[in-house]
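Novice: could you work out the structure for the sequence below:
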Amino acid sequence: MKLTSRFRRLLQRPGSIDLGPYEKLTTAVGDAEESLQDLTDDELTEVVTEMRTTGGLDEGDQIEFLALAREAGQRAIGERAFDGQIVGALALLQGRVVEMATGEGKTLAGAFAAAGYAIGGRRVQVMAVNDYLARRDAEWMGPVYKLLGVTVSHLGQASTPEERREAYQADVCYAPVSELGFDVLRDRLVADVADRVTVKPDVALVDEADSVLIDEARVPLILAGATRTEELDDDVVALVRTLRAGIDYEIDGDGRTVALTDKGTDKVEENLGGINLYEDENLDRLTQINVALHAEVLLRRDVDYLVRDGKVSLINNNRGRIAKLQRWPDGLQAAVEAKEAVPVSDSGEVLDSITVQALVSSYPTLCGMTGTAVVVGEQLQEFYKVEVAVVPPNTPNIRVDELDRLYLTVDQKNTALVKHIGEVHETGRPILIGTHSVEESEQLSDKLEVAGVPHVVLNAKNDAEEAAIVAEAGVPETVTVSTQMAGRGTDIRLGGRDESHDKDRAIELGGLYVIGTGLHASSRLDDQLRGRAGRQGDPGGSLFFASLADELVTRYSVTSGLRPSPDEDGRLTDRKAIGMLDHAQRVADGANAELHRTTWSYHRLTGQQRAILLDTREKVLTEDLAAEELAERAKERYDELVEELDEDTVKAAARKIALHHLDRKWTDHLAYLADLREGIHLRSLAGGIVHMKPIDEFNKSAIASFDTLIADAWTEAAETFKEAEITAEGLDEEASGVPRPTATWTYLVNDNPFGTEADRILGRLRNAIKPESFGQSEEIPAEVFDEDDLPEELRDLDEDDLADDLPEELREADDEKKPDTKD
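Specialist: Okay, here's the model as predicted:
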């Protein structure tokens, strides 16, 4: 298996499949298409309707259906699917993740597949990354679905419960993945079956599959209730601002954690009246100090969050846009709000949560589409058991991807970047510039302003507005500065949206020119940015700038033994320096993969426990389990009430009481697990994390906590039942001490705000072997690290790997002797 994995990686096709069988079927689809052209629209719809079944479409049915779908696409929206789109639809119908380049028609291929599943008796939910794309694609593909006799709907953040309930009843429902998760969470806590809005999960067709299934898989979606406000003391905020870096507190090498020094601890304790921060009665104050310090020192405005309209809004690192529903855990959220002197938002206890990975995994059939799946093919296999189908473009890609330009310092990089943008702009060639953050895009905008380069800046603030602006980025003379994911999902056509603005000139100039201001932690994100240019055989180009001071290099690479020789502009061309960029991305990919595994391992047990609880809760909700249990545990009271009232009223009261205690116990259990996990994290920060497995300790304690949870819930329910206020009108929940939450709300949470186990391993490794300067080397004690301590992806990286990763043009450019390696 390991050899196979390495072979796939060598071919750059991890987890990919042979398209031969699909291509043969596509030929058959073309042969069947001719006979359908004489059908009227009504006849076409009727033929498809007659194909409806409950057992899925067999191979012959798929051929006939896709021939009908291709004809429907031509008639309904004027788009006849290319063979590649048919291949993509076939792969989706067989549960694959399809990789299709930007502009190759993933949306239509996905609609064909979704309709095919629906005709086969399945219910499909198309998972989009935001409201705008869910609505746009449902409305855009609506005429195709209608002609095929398939019902389609969409929902978003503003949808009412009734609108959601109706939307889920359609054959195909487009929705943001977060909204699907929030609806699942709300339905888990209903006290009446009639209040549910979702349907049983069946087929998930995931758009931007790599982003959803990998980048956001570990993000917990939260349902919270019992509103309260958690403000930080003003004296804590003011005190933290007086602390000095390197004296009162220290930041780890990766900038992910911060801790008081002994001197800092003394200063804080003295300013708080001579208390001992580590005594039990002061632990709340210690927590406040820690989160306030983290907020003050590590979280950066316009990089990690924005302040707008008196509110703190997180920036989604994967999409480079505002995460409208995302927040940090309550204490840290309040600390950032105190730092920025804005009102503290409502918070509350977590009633339930689910990760995106757990949500997606609940669907019996999973498929998806994206422009960049191959790079994460192995992870898709590992976590979801799905393979990748790489569909070649309809027209060969002629985009020219230039070699990365590496500079010694950030300032030198930025100087060269602005100069290059100005030179290209003078030719009239359209330019799209991808930045890593809102702050970086605004800083670059200022520099372009000084240089006299007219431009438009997209900061990922409005999906619909961004889409309209990005669509015009292919017009000559246009310079568009954008965060990585702004406007994703929108094609950039040369000459603008309608291709009417000097398209021929744009082609003559070389097409859209994509410039990256720095390499991303994953080469996949670089490829996504590059993919904005050169759609459907158009000319295009891309170029990335980087420096040895970029976070990618300082965090993930090792500069030991490197003696850079920059030219007068600070540019580096030697192969060791350039190879370091590829090396750093490989290390970063390995660290993120390990983080995915670690996070999933923490949530997996919780998911199993939740399933056990939900099984009991479902029986309470839909059967008479509550009445049976309480009749046995409080027989005298039960018999008395049945004699006094009708039995249905007593059963309903018993159900509400049981549901309250089951939900209450689960909420308390989640709070305990959150504290437990944070405690294990803090314990690991004290040292020795490499040589211990906190997940084992976590699971042991979590199992012990859950063992008696359901039994305890029944015991407390019986006690409540004995004293409950139950009349002919039913249970008085408030008087009986079993109130439902007066309000609930949903949000996403940054699961590891204080860094991760993988971060700490990398940090210790990097700090252990990185010298003070490029010209020095440092001996590494053999006992510092054992290879087994590292994530698997990081164990085989060495200097030879650097050379293997180099572009061919650079391998022969430098015959410099390889540096000695240290054991």
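
Novice: what about R664, distance to D712?
Specialist: Distance of R664 to D712, computed by C-beta to C-beta, to the nearest Å: 10 Å. From N, CA and C alone the C-beta is placed, and that goes for glycine too.

Novice: any chance you could map the strands in the stretch 451-600 of the chain?
Specialist: With DSSP state E, counting those that start in this stretch, the ranges of strands along the stretch 451-600 of the chain come out as 456-458, 479-483, 512-516, 540-547, 571-572.

Novice: tabulate those strands (CSV), appending mean neighbour count.
Specialist: What follows is these, written out as CSV (neighbours: other C-beta atoms under 10 Å):
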stretch, mean neighbour count
strand 456-458, 19
strand 479-483, 24
strand 512-516, 25
strand 540-547, 23
strand 571-572, 20
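
Novice: closest one to K722 among these?
Specialist: Closest to K722 of the strands of the stretch 451-600 of the chain, according to C-beta to C-beta: strand 479-483, at 59.1 Å.

Novice: circling back to that earlier point, can I get the strands of the stretch 451-600 of the chain in CSV with mean pLDDT and distance to P143?
Specialist: Output for these, formatted as CSV (pLDDT from 0 to 100; distance: least, C-beta to C-beta, whole Å):
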stretch, mean pLDDT, distance to P143
strand 456-458, 87, 30
strand 479-483, 88, 31
strand 512-516, 96, 30
strand 540-547, 96, 31
strand 571-572, 93, 53
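
Novice: who wins for proximity to T427 among the ones you listed?
Specialist: strand 512-516 (9.3 Å).

Novice: now for that closest one, which elements pack on it?
Specialist: In terms of contacts (3 or more C-beta pairs under 8 Å, 6 or more residues apart in numbering; DSSP states H and E), strand 512-516 is packed against helix 410-427, strand 431-435, helix 523-530, strand 540-547.

Novice: weakest of those by average pLDDT?
Specialist: In terms of mean pLDDT, the lowest-scoring of the helices and strands packed on strand 512-516 is helix 523-530 (a mean of 89).

Novice: next secondary structure after the host helix or strand of E378?
Specialist: Assigned by DSSP states H and E, E378 belongs to helix 377-384. Counting by DSSP H and E, the next helix or strand C-terminal to helix 377-384 is strand 388-390.

Novice: could you list the low-pLDDT ranges of the stretch 301-450 of the chain?
Specialist: Counting by pLDDT under 70, the stretch 301-450 of the chain contains low-confidence ranges at 316-327, 329-330, 346-348.

Novice: and the strands in it, which stretches?
Specialist: Using DSSP E, counting those that start in this stretch, strands in the stretch 301-450 of the chain cover 305-308, 311-316, 321-322, 326-327, 346-355, 365-370, 388-390, 400-401, 405-407, 431-435.

Novice: so what are the sheet partners of the longest one and their directions?
Specialist: Each strand that pairs with strand 346-355, with its direction, by DSSP bridges: strand 220-229 (antiparallel).

Novice: average pLDDT for the strand it pairs with?
Specialist: Per-residue pLDDT over strand 220-229 has a mean of 71.

Novice: ok, and what's touching stretch 383-394?
Specialist: 13-17, 19, 22, 82-84, 87-88, 91, 95-101, 104, 213, 217, 357, 360-361, 366-368, 373-374, 377, 380-381, 536-537, 596, 600 (C-beta atoms under 8 Å, 6 or more residues apart in numbering).

Novice: now the buried members of those.
Specialist: Taking 16 or more other C-beta atoms under 10 Å as the criterion, what is buried in the contacts of stretch 383-394 is 14-17, 19, 22, 82-84, 87-88, 91, 95-101, 104, 213, 217, 357, 360-361, 366-368, 373-374, 377, 380-381, 536, 596, 600.
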